[in-house]
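Asks: Would you be able to build a 3D model of this:
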Amino acid sequence: MLTALCIHPRDNVAVVLREVRKGEDVLVNLNTGAVHLTAQNDIPFGHKIAVTTLPVSKPIIKYGEEIGNAKTLIQPGEWVHLENVYCERGRED
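Replies: Have a look, this model is predicted:
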């Protein structure tokens with residue numbers, strides 16, 4: 001069953017469709033098909049999970065739009081949130 005959803009082909013994060021626990025298998029839809037990730041953290045419902053490696057300063061793309069940049073190296077399966085994303089406009093989607 002699908003666990004996380006990418007909306008736009010540019011997205012490098014997906015939105016989890018339910019609470020996910022660290023170590024859990026996460027099935028994510030991508031433009032190229034589905035991919036399995038292992039959750040690296042507990043991730044609350046509606047939050048973001050990285051679907052690719054995001055180096056420091058790499059733009060975070062959600063719904064096809066840049067919403068910030070990685071503050072730290074973010075690995076696939078990690079929770080993407082305010083602690084590891086720098087948002088210029090002071091917002092984190």
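
Asks: CA atoms for contacts and neighbours, from now on please.
Replies: Noted.

Asks: Run through who's touching stretch 75-86.
Replies: Contacts to stretch 75-86, defined as CA atoms under 8 Å, 6 or more residues apart in numbering, come from residues 13, 26, 37-43, 47-54, 60, 68-72, 74, 92.

Asks: Give me the PyMOL select line for the residues you listed, limited to the buried ones.
Replies: With 16 or more other CA atoms under 10 Å as the burial test, the buried ones among these are selected in PyMOL as follows:
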select buried, resi 13+26+37+38+39+40+41+43+47+48+49+50+51+54+60+68+69+70+71+74
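
Asks: Keep only those of the contacts of stretch 75-86 that are in strands.
Replies: Counted as lying in strands by DSSP state E, out of the contacts of stretch 75-86, are Val13, Val26, Leu37, Thr38, Lys48, Ile49, Ala50, Ile60, Gly68, Asn69, Ala70.

Asks: In space, what's closest to the fifth one - neighbours in sequence excluded?
Replies: Once flanking residues are discounted, Lys48 sits nearest to Val15: 4.6 Å by CA to CA, 6 or more residues apart in numbering.

Asks: For burial, what's the neighbour tally of the one you found?
Replies: For Val15, the count of nearby residues is 23 (other CA atoms under 10 Å).

Asks: what bridges to it?
Replies: Beta-bridge pairing for Val15 (DSSP bridges): Leu5, Lys48.

Asks: likewise Ala34?
Replies: The partner residues for Ala34, given DSSP bridges, come to Asn29.

Asks: so it makes contact with Leu27?
Replies: Yes. Using CA atoms under 8 Å, Ala34 makes contact with Leu27 at a distance of 6.7 Å.
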